[in-house]
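Peer 1: For reference, the sequence and a predicted model appear below.
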Amino acid sequence: MIALKSGLEAVARGLVGGDEVITRVRDLLIVQNGTTSLVVACDSNASIGTKPQDALKQDPGETGYSASKVPLMEVIAIGATPFLLIDNLCVELEPYGRRILAGVERAAQASGYPVVVTGSDETNMPTVQTGIGVTVIGVVAEDGLRAGRARAGDIVFSVGEPRDGLKLPFTDGEPGIASAGDVRTAVACPYVSEVLPVGSKGIAYEANELARVAGLAFVADAFPAFDLAVSAGPSTCFLVAGSAEAQAWIAARTDCVVEPVGRLAPAA
């Protein structure tokens, strides 16, 4: 990583390559640009909708919402402000794609930030299965990145509960299902050191990732409130690491249950 007044300007002038201003933190790309950084998050969603060969039948608006919510949560969790959402619809725009886009727009609005939405669609080929890819770009001040801030002794809480949509059905946007707005609330909590959304790999996987980036170890509770291995689908819950006071603070400001699942300890 190099220290430049404007990393992207240096790339544009051919002074450095993109790999010299880009680092990866978990699933995110961080683009250094002087005193600020761009944060890039992506997600994809396939075979969930009402097309003939979709494996999971669901309103396409919910598909658009879920696919957009995940990268929005990831960008907000690391401390960045999302400002651009790019949706790539692998279906026709009229009329089916419009229904997906309604969910995309709803997720952008639910984040609480003025996010600009743009994208593309498939108008030339007939499609029999739903597909969408979403990229969210945010910006954060140089000292605002929240990755690796967790501390030994922090309690790890799950905000919301893991649901995979199959064995444990849910509807995004209903009370108790974590939202991008809930992540924004948790990031503002004075008792929280780090926030991380949970995806299909489950709480235990993400808790270990949170610990790894901070140079720590995750120690699960003997009897956690949730199955730590079950999928959380499109981030129906997220993790916070912080002091005990975080539990009541976040619970009072969201519709989500907030339950401890473990602690962070010094790495062996």
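Peer 2: Everything's here; your move.
Peer 1: now the helix or strand where Thr23 lies, how far from the centre of its chain.
Peer 2: Using DSSP states H and E, Thr23 falls within strand 22-25. How far strand 22-25 lies from its chain's middle: 16 Å, per Cα atoms, centre = their mean, to the nearest Å.
Peer 1: ok, and what's touching that strand?
Peer 2: Applying Cβ atoms under 8 Å, 6 or more residues apart in numbering, the contact partners of strand 22-25 are 1, 29-32, 78, 145, 147, 213. Where C-beta positions appear, they are placed from N, C-alpha and C, glycine not excepted.
Peer 1: residue ranges with poor pLDDT in this protein?
Peer 2: Counting by pLDDT under 70, the low-confidence segments of the chain come to 1-6.
Peer 1: And what about the closest residue to Leu210 other than its chain neighbours, helix, strand or coil?
Peer 2: Using Cβ to Cβ, 6 or more residues apart in numbering and skipping the chain neighbours, the partner closest in space to Leu210 is Leu196 (4.8 Å). Classification of Leu196 by DSSP: H, G, I helix; E, B strand; the rest coil places it in strand.
Peer 1: can you check Ala10 too?
Peer 2: helix.
Peer 1: From what I see, it and Val16 are in contact.
Peer 2: Yes. Under the criterion of Cβ atoms under 8 Å, Ala10 is in contact with Val16, at a separation of 4.8 Å.
Peer 1: higher neighbour count, those two?
Peer 2: A direct count of neighbours by other Cβ atoms under 10 Å for Ala10 and Val16 places Ala10 higher, at 19 against 16.
Peer 1: For Val258, name its beta-bridge partners.
Peer 2: Per DSSP bridges, the residues bridged to Val258 are Val159.
Peer 1: Tell me, how many residues neighbour it?
Peer 2: 21.
Peer 1: One more: Val240?
Peer 2: Applying other Cβ under 10 Å, we find 28 residues neighbouring Val240.
Peer 1: Need phi/psi at it.
Peer 2: phi -130, psi 140 (degrees, to the nearest 10).
Peer 1: Quick check: the nearest residue to Ser231 once chain neighbours are set aside vs Pro260, distance?
Peer 2: Excluding its sequence neighbours, the residue lying closest to Ser231 (Cβ to Cβ, 6+ apart) is Asp164, at 4.0 Å. Noted for Asp164: a distance of 22 Å to Pro260, by Cβ to Cβ, to the nearest Å.
Peer 1: Likewise for Ala214?
Peer 2: Counting by Cβ to Cβ - Ala214 and Pro260 are separated by 18 Å.
Peer 1: who's more crowded, these two?
Peer 2: Ala214 (21 against 15).
Peer 1: Hmm, the more buried one is touching Asn208, no?
Peer 2: No. Ala214 is beyond contact range of Asn208, at 11.0 Å (criterion: Cβ under 8 Å).
Peer 1: Quick one: residues contacting the one residue sitting closest to the centre of the chain.
Peer 2: Centroid-nearest residue in the chain, with Cα atoms, centre = their mean: Glu74, separated by 2.7 Å. Shown in contact with Glu74 (Cβ under 8 Å, 6+ apart): 27-28, 41, 136, 197.
Peer 1: just the strands in the stretch 51-200 of the chain please.
Peer 2: Counting by DSSP state E, counting those that start in this stretch, the stretch 51-200 of the chain has strands at residues 56-57, 81-89, 116-120, 131-141, 155-159, 192-197.
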